[in-house]
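Please work out how this folds:
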Amino acid sequence: MSLLKINSVAPNFALLDDAGKKHELSDYKGRWVLLYFYPKDDTPGCTKEACGLRDVFPDFEKINTVILGVSTDSIESHRKFKEKYKLPFTLLSDFEKNVVKIYGVWQKEKFIGKEYESVARKSFLIDPQGRIVKIYENVDPRSHPKDVFFDLLALQR
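Alright, predicted model coming up:
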């Protein structure tokens, strides 16, 4: 369960991207950030969400917004996922599960009577000052990209 709330400062972090380059959230001060957490590379829902974001990526760029995808998959997994679907945004590897825990998206799941831990599909919209302005719970991978885009347009008016 996340303790993060609307108007709280988004916790800073440092993670490696699909090419092994370090990114810190603070690197993006002055820009809007969609920080989206997803369970697993190259799975149906995650692929649908990532490709949807890919398709609207040029529109996000026009309104000064960075997209950062985070999962606990490896750097190599991210590289393959990004190449396969030609994703133009950054994918960050939280293989140590530190950031997913800070953001409250590491959770217990149950499937066919078995319990396991996984990343919840959840996103945070962060303003140029580094504050969380919207939290998307129970994300629908099909509509999420456009939902975020229209929210950004409304917030930037």
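
In three-state terms, label Cys46 for me.
helix (DSSP: H, G, I helix; E, B strand; the rest coil).

Isn't it up against Tyr36?
No - using C-beta atoms under 8 Å, Cys46 is not in contact with Tyr36; the gap is 10.0 Å. All C-beta atoms are positioned from the backbone trio N, CA, C, and that covers glycine.

So which of those two has more stuff around it?
Tyr36 (27 against 21; other C-beta atoms under 10 Å).

which residues does the residue nearest to the more buried one when sequence neighbours are not counted form a beta bridge with?
Closest residue in space to Tyr36, ignoring its immediate chain neighbours: Ser123 at 4.1 Å, by C-beta to C-beta, 6 or more residues apart in numbering. On the basis of DSSP bridges, Ser123 is bridged to Tyr36, Tyr136.

Count the neighbours of Ser123 for me.
Around Ser123 there are 25 other residues, counting by other C-beta under 10 Å.

which residues does it contact?
Residues touching Ser123, when contacts are defined by C-beta atoms under 8 Å, 6 or more residues apart in numbering, comprise 34-37, 135-136, 139, 144, 148.

buried set for stretch 28-37?
28, 32-37 (16 or more other C-beta atoms under 10 Å).

Hmm, I typed the wrong one, I wanted stretch 81-93.
For stretch 81-93, by 16+ other C-beta under 10 Å, it's 81-82, 87, 89-93.

Among these, name the ones in helices.
Applying DSSP state H to those, the entries found in helices are 81-82.
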